[in-house]
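Undergrad: how does the following fold in three dimensions:
(one chain, ligands or ions: 1)
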Amino acid sequence: MRIFAALSVAALALVCLPSNAQKKSASPHKAPKAQLAPPQVALTPPMGWNSWNFFAEKVTDKDIRDSADQIVATGMKDAGYIYVNIDDTWEGERDSKGVLHTNSKFPDMKALADYVHSKGLKIGIYSGPGSKTCGGFAASLGHEEQDAQLYAEWGIDYLKYDLCSFIPEVMYKQAPNDPAARMKIMVAAYDKMGKALKATGRPIVFSLCQYGWDAVWEWAPALGGNLWRTTGDIDPHWDRIYAILSQQDGLAKYAGPGHWNDPDMLEVGNGKLSLAENRSHFSMWAMLAAPLLAGNDLPNMKPEIKAILTNADVIAIDQDKLGRQGTRAYSDGEVEVWTRHLAGGALAVAVLDAGDSRYSTHPFHLNLAKLGLHGSQEGTNLWTGEPITLTDHMPIEIGSHDILLVRIAKPK
Ligand code: GLA
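TA: Numbering: from 1, shown residues only. As a prediction, the model looks like this:
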């Protein structure tokens, strides 16, 4: 369910808030000190799988169990994929005491959580601050503490909290003509759930899904947010993936251990993405220190998709302990060169051909000085596993939408 189209004008108004208004409104919402304690979760970007990108509203208890089984059987668990996240459409009705029940697709959430935990995995769930989720199911408005306690009782380890109906129902109703006031209302709603999760005493990853509005990266960490969406929804088309990538530049300084920019879940293996596109998408999400939440059909995963999702060298870039997000060093035509500083002084270099034809790489020559490097560099090509020497002005030809990803252990 995409966010209601009717809201697009309102959304634009919010996105276009003057930046001083954003800053002014963000500061009063600094969370109390207790909330700023060192995060115990998401010290590296969360890795796992989420039901939405493939199953959407059709997801069932069986799909979650099968996916958990596959995460173990395919070696994804060993590669670091730990969270099995149920997205929208698990919710049923509230009873007379306000307790939320699951719908018939999820007969017993506690039993499902126990099953996922029995595999050595963790389980995530989805809600939002409005009365309804994006899919029109019951959300947490007025029941935040109750829902957080319920999640903790079930053994939930991760919550994705999606704005959706809160926008018209609360923000626009309470402050129709005041974008700054609407923002305060939204921040307070996320703060409320952040506190409710904390009060459970259970370490629960808190994922803010509000599409990157109102410079969420500036205020989410103070509310206990471990990750926050930086854009609208991803879909399995190169143009969308590349558009999202292009919106990440400038956000690197907000990411770090315990708090990450989230350019949305992976589409690797979905739709008609070519292998090159899958590789590039995965590589660039690793360069961005993005959460790696696979979103494909695990029981029917092709070997070449599994090989991409479990490439340990690429995952090591994403999960690097330093937690510094990569940045675009320069672009030349449709070729972009990104770098990411890694623990121990290592450097990852990605050369991406975002263009539609292989001719877009001609005549691309690598400029090492623009990467802060001097002279030839010994590295490893992370998609072939072969050693590679990068020399200044070397010509590099890369296929359309493909990538060269190199780790330089000792950059000079
Ligand atoms: C929004 C979110 C998606 C997904 C759907 C579910 O569109 O951005 O990631 O959670 O809602 O309805």
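Undergrad: which residue does the stretch 151-300 of the chain have closest to the ligand?
TA: residue 233 (4.6 Å; CB to the nearest ligand atom). Any C-beta I mention is one placed from the backbone N, CA and C, and that applies to glycine too.
Undergrad: so that residue makes contact with residue 264?
TA: Yes. Using CB atoms under 8 Å, residue 233 is in contact with residue 264, at 6.4 Å.
Undergrad: show me what residue of the stretch 101-250 of the chain gets nearest to the ligand.
TA: Closest point on the stretch 101-250 of the chain to the ligand, by CB to the nearest ligand atom, is residue 134, at 3.3 Å.
Undergrad: what is the burial count for that residue?
TA: Residues lying near residue 134 (other CB atoms under 10 Å) number 24.
Undergrad: next, it: phi, psi?
TA: phi -60, psi -30 (degrees, to the nearest 10).
Undergrad: swap in the one 3 residues further on?
TA: In this entry, residue 137 is assigned phi and psi values of phi -90, psi 170 (degrees, to the nearest 10).
Undergrad: residue contacts, it?
TA: Residue 137 sits next to 88-91, 103 when contact means CB atoms under 8 Å, 6 or more residues apart in numbering.
Undergrad: swap the cut-off to 6 Å and go again
TA: Residue 137 is in contact with 89, 91, counting by CB atoms under 6 Å, 6 or more residues apart in numbering.
Undergrad: ok, whichever residue of the stretch 301-412 of the chain sits closest to the ligand - contacts?
TA: Closest to the ligand within the stretch 301-412 of the chain is residue 309: 19.0 Å, counting by CB to the nearest ligand atom. Counting by CB under 6 Å, 6+ apart, residue 309 makes contact with 268, 294.
Undergrad: re earlier: tell me if I'm right that the residue of the stretch 101-250 of the chain closest to the ligand and residue 164 touch.
TA: Yes. At 4.1 Å, residue 134 counts as touching residue 164 under the criterion of CB atoms under 6 Å.
Undergrad: quick check on the residue minimising distance to the centre of the chain: phi, psi?
TA: For the chain, residue 262 is the residue whose C-alpha lies nearest the centre (CA atoms, centre = their mean; 3.2 Å). With angles defined as degrees, to the nearest 10, residue 262 sits at phi -120, psi 100.
Undergrad: read off the pLDDT value for the closest residue to it other than its chain neighbours.
TA: Excluding its sequence neighbours, the residue lying closest to residue 262 (CB to CB, 6 or more residues apart in numbering) is residue 227, at 4.3 Å. Per-residue confidence (pLDDT) for residue 227: 98.
Undergrad: residue contacts, residue 227?
TA: With CB under 6 Å, 6+ apart, residue 227 has these contacts: 207, 260, 262, 291.
Undergrad: one more time with 8 Å
TA: Contacts of residue 227 by CB under 8 Å, 6+ apart are 42, 45-46, 205-208, 259-262, 291.
Undergrad: quick one: the residue of the stretch 101-250 of the chain closest to the ligand and residue 89 touch, right?
TA: No. Residue 134 lies out of contact with residue 89 (CB under 8 Å); the separation is 9.6 Å.
Undergrad: in the helix or strand that contains residue 184, what's buried?
TA: Residue 184 belongs to helix 179-199 when assigned by DSSP states H and E. Across helix 179-199, burial judged by 16 or more other CB atoms under 10 Å covers 179-180, 182-187, 189-198.
Undergrad: do stretch 145-162 as well
TA: Per 16+ other CB under 10 Å, stretch 145-162 contains these buried residues: 145-152, 154-162.
Undergrad: kindly report the same for stretch 337-347.
TA: Those would be 337-342, 346-347, for stretch 337-347 by 16+ other CB under 10 Å.
Undergrad: what does the stretch 101-250 of the chain put close to the ligand?
TA: Contact residues, the stretch 101-250 of the chain versus the ligand (CB under 6 Å from any ligand atom): 133-135, 162, 209, 233.
Undergrad: okay, and which of those map to strands?
TA: Residues of those located in strands (DSSP state E): 162, 209.
Undergrad: how about the spatially closest residue to residue 281 that is not a sequence neighbour, what does it touch?
TA: With sequence-adjacent residues excluded and distances taken as CB to CB, 6+ apart, residue 281 is closest to residue 241, at 5.1 Å. Residue 241 is in contact with 234, 267, 273, 277, 280-281, counting by CB under 8 Å, 6+ apart.
Undergrad: contacts only, for residue 220.
TA: Contacts for residue 220 (CB under 8 Å, 6+ apart) come out as 190, 208, 228, 259.
Undergrad: so what pairs up with the last one in the strands?
TA: This points to residue 259. Taking DSSP bridges, one finds residue 256 as the beta-bridge partners of residue 259.
Undergrad: what helix or strand is the residue nearest to residue 281 located in?
TA: According to DSSP H and E, residue 241 maps onto helix 238-246.
Undergrad: now that helix: buried residues?
TA: Under the neighbour-count criterion of 16+ other CB under 10 Å, helix 238-246 has 238, 240-242, 244-245 buried.
Undergrad: mind putting those in TSV, pLDDT included?
TA: Listed next are the buried residues of helix 238-246 as TSV, based on pLDDT from 0 to 100:
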residue	pLDDT
238	98
240	98
241	98
242	98
244	98
245	98
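Undergrad: with distance to residue 324 added, can I get the residues you listed in JSON lines?
TA: As requested, the buried residues of helix 238-246 are exported to JSON lines (distance: CB to CB, whole Å):
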{"residue": "238", "distance to residue 324": "27"}
{"residue": "240", "distance to residue 324": "26"}
{"residue": "241", "distance to residue 324": "22"}
{"residue": "242", "distance to residue 324": "23"}
{"residue": "244", "distance to residue 324": "20"}
{"residue": "245", "distance to residue 324": "17"}
